[in-house]
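**Student:** 3D model of this:
(chains A, B, C and D)
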Protein chains: 4
Amino acid sequence: MDPTAEHAACFEAGVKFGSLYHQFAGTPVSPTSALSLAQAMEAAIENQPHCRSVSVSIREEALAADLDDEYGYTELTGRHFEAEVVVEADGVEAVARMAMDGDYPLMRLESVDAS
Amino acid sequence: MDPTAEHAACFEAGVKFGSLYHQFAGTPVSPTSALSLAQAMEAAIENQPHCRSVSVSIREEALAADLDDEYGYTELTGRHFEAEVVVEADGVEAVARMAMDGDYPLMRLESVDAS
Amino acid sequence: MDPTAEHAACFEAGVKFGSLYHQFAGTPVSPTSALSLAQAMEAAIENQPHCRSVSVSIREEALAADLDDEYGYTELTGRHFEAEVVVEADGVEAVARMAMDGDYPLMRLESVDAS
Amino acid sequence: MDPTAEHAACFEAGVKFGSLYHQFAGTPVSPTSALSLAQAMEAAIENQPHCRSVSVSIREEALAADLDDEYGYTELTGRHFEAEVVVEADGVEAVARMAMDGDYPLMRLESVDAS
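**Tutor:** Numbers count the residues shown, from 1 in each chain, chains lettered A, B, ... in the order given. Here you go, the predicted structure:
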């Protein structure tokens, strides 16, 4: 069937998450640079259509555990941050979140509501 | 409200599209390398959970128009390809497509159905 | 022949530039998000081995000219910023710069000196 | 001092390596998709100025060891491939290679010669 406004909002939430992840995965990151990266990730993805807010928080212990012994940094991957995205499209708000599910950074739709 | 299976399938379709776009945007591309890139994009994103198929087709005229005069290549952007993604999750199939909407490469959900 | 310390420093400068460009090309960017992106780019690449400093400055007019009329953002490409990288390795300092050469964002080695 | 032709060739080799790595790091990859990705990486970077050849070979055991148990894929990182880049600029050929140095994928300049 043709997508409804709810379907479209859920799709948009997914686009934001896939963008957030694959634009920035692989970025060199360390405890001192992580905050600026998180802020840039939020501001970048908030530019996308229908995106109301993006929150990225660094998982500091996981990041510390992955630092290269000699060089003091690693490459950003889903173990190193959690994120929440809120989109609004055609009167529907969709909220999605990425958090660790065991060893896998799982992106999950949290809620779909009239906005 | 809590997301339904339909909502989740739409979200997954969006994740695949955002991933496809932002992993590969910026890749050096020319008429001779475009096919291998399209194939790698398809195979890469088909690895993701719930992804049944990905089709990427190069827009050859748009690519040719963007080639640098001196170096003969450009960087991949949404003007240079169209894509279709089919996901299936929890008995629901969602189909999404990216195509040009004027100058903007618009990602759009096409259909949501029982699979 | 085997590379000298000068050769190695020049190689390292190139690695930083290629990393800077291809990690961040394609990032959604607008006048309001550009500064946070530039700062994150600097801090990220400064993590890499032998990298002493990275400076990224947004070319605001070029960015403004590329904004999508409807959505108010574009995707980062070499037209939108200039950058300078300083590396130091084995007693040699190499400085490289990216600036527009006509329509092409040209990365160029500027100087190689004892540090 | 001003860079020589040798310096410039070494810089170019570095640019290719940084580009190769940071364009493709984070790409979803599995044993079945790895070959198409390696081929696309080679063809993409060979587009860049002064690049004579790029060879990417997948480290199959390292890739197999990193696959997610449930989903059967992982994200490309330097543990999963080796690469060689040959550039030629202004009569100088520079060869660079990436291989594991312990746990760190080290990019190293191999040789610099008249071409």
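
**Student:** who touches the residue most central in space within chain A in this structure?
**Tutor:** In chain A, the C-alpha closest to the average C-alpha coordinate belongs to A:A83, at a distance of 4.0 Å (CA atoms, centre = their mean). Under the criterion of CB atoms under 8 Å, 6 or more residues apart in numbering or on different chains, the contact partners of A:A83 comprise A:17, A:20, A:41, A:54-57, A:97-98. C-beta coordinates here come from the backbone N, C-alpha and C atoms, glycine included.

**Student:** Which stretches in chain A count as helices?
**Tutor:** With DSSP state H as the definition, chain A shows helices at residue ranges A:5-24, A:34-46, A:60-66.

**Student:** about what we covered before: intersect the contacts of A:A83 with the contacts of chain C.
**Tutor:** Filtering the contacts of A:A83 for proximity to chain C (criterion: CB under 8 Å from any CB of the partner chain) leaves A:M41.

**Student:** The contacts of A:A83 into TSV, with extra columns for pLDDT and neighbour count?
**Tutor:** Putting these into TSV (pLDDT from 0 to 100; neighbours: other CB atoms under 10 Å in any protein chain shown) gives the following:
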residue	pLDDT	neighbour count
A:F17	97	27
A:L20	98	28
A:M41	98	26
A:V54	98	23
A:S55	98	13
A:V56	98	23
A:S57	98	13
A:R97	97	17
A:M98	95	20
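
**Student:** Of the contacts of A:A83, which is the nearest to chain B?
**Tutor:** Within the set of these, A:F17 lies nearest chain B; the separation is 5.4 Å, counting by CB to the nearest CB.

**Student:** Could you find the closest non-adjacent residue to that closest one?
**Tutor:** A:M107 (4.8 Å; CB to CB, 6 or more residues apart in numbering or on different chains).

**Student:** Do any residues in stretch A:44-51 lie close to chain C?
**Tutor:** Yes: taking CB under 8 Å from any CB as the criterion, stretch A:44-51 and chain C are in contact, through A:44-49.

**Student:** Close to chain C: what parts of chain A are there?
**Tutor:** Where proximity means CB under 8 Å from any CB, the interface of chain A facing chain C comprises A:19, A:23-24, A:26-30, A:32-33, A:36-37, A:39-41, A:43-49, A:71-73.

**Student:** Please list which of those also come close to chain B.
**Tutor:** Within those, those near chain B by CB under 8 Å from any CB are A:19, A:23.

**Student:** Give the buried subset of the residues of chain A next to chain C as a ChimeraX selection command.
**Tutor:** Written as a ChimeraX command, the selection of buried residues from the residues of chain A next to chain C, which uses 16 or more other CB atoms under 10 Å in any protein chain shown, is:
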select /A:19,23,24,26,27,28,29,30,33,36,37,39,40,41,43,44,45,46,47,48,49,73
